[in-house]
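# fold the stuff below for me.
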Amino acid sequence: MDLTFIGRHNGREFIEKTTRVFFRYLTLANMVEAVSLRKQLHVDEAATLFQGAFGSAGLTVSESYHTYHDTLEGHWAWWVRIEGQLVNIPPDKRAECDRAVRAALATLQTPEGIPYTIHLLHVRLRR
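All right, here's what the predicted structure looks like:
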């Protein structure tokens, strides 16, 4: 068995830059609700979970980080995946929020582009 999951530190640079923006457009309750949609495991939690189900013989749990660089527009194209977390932004404030988020992400610009780091957990079972 080979399984891969998104880790807890996925997109950390984006989260650090955009959280302050979202606090201007969402209530604390809305922010807590949005964060609760994230269900990523820590590597130790994944190991405990799968060891409980399969035992430790032949089981390995590891993590990896891969940083990808793209333009602001390239990153923005997949931004829709978090739309569900942003439905509580008042419609009359959404365009303003989008501009603020774009400005925050633009500050991450490097010569290679804007980085986004993927954190993955790898669960392997060999018997």
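
# need the contact partners of the lowest-mean-pLDDT helix or strand in the chain.
Counting by mean pLDDT, DSSP states H and E, the chain has its least confident helix or strand at helix 28-36, which shows a mean of 79. Here helix 28-36 makes contact (Cβ atoms under 8 Å, 6 or more residues apart in numbering) with 19, 22-23, 26, 85-86, 88. Glycine gets a C-beta too; all of them are placed from N, C-alpha and C.

# so which of those are in helices?
19, 22-23 (DSSP state H).

# how far does the helix or strand where G74 lies sit from its chain's centre?
G74 is part of helix 72-78, with elements assigned from DSSP states H and E. What separates the centre of helix 72-78 from the centre of its chain is 15 Å, taken as Cα atoms, centre = their mean, to the nearest Å.

# a markdown table for the contacts of helix 28-36, including neighbour count and pLDDT?
Supplementary listing: the contacts of helix 28-36 in a markdown table, determined by neighbours: other Cβ atoms under 10 Å; pLDDT from 0 to 100:
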| residue | neighbour count | pLDDT |
| --- | --- | --- |
| T19 | 13 | 87 |
| F22 | 20 | 88 |
| F23 | 12 | 87 |
| L26 | 20 | 86 |
| Q85 | 18 | 68 |
| L86 | 18 | 73 |
| N88 | 14 | 80 |
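
# and of those residues, the nearest to A100?
Lowest distance from A100 to the contacts of helix 28-36 (Cβ to Cβ) belongs to F22, with 9.0 Å.

# check which element follows the longest helix seen in the chain along the chain.
When the chain is parsed with DSSP H, its longest helix is helix 91-106. Proceeding N to C from helix 91-106, the next assigned helix or strand is strand 114-125, under DSSP H and E.
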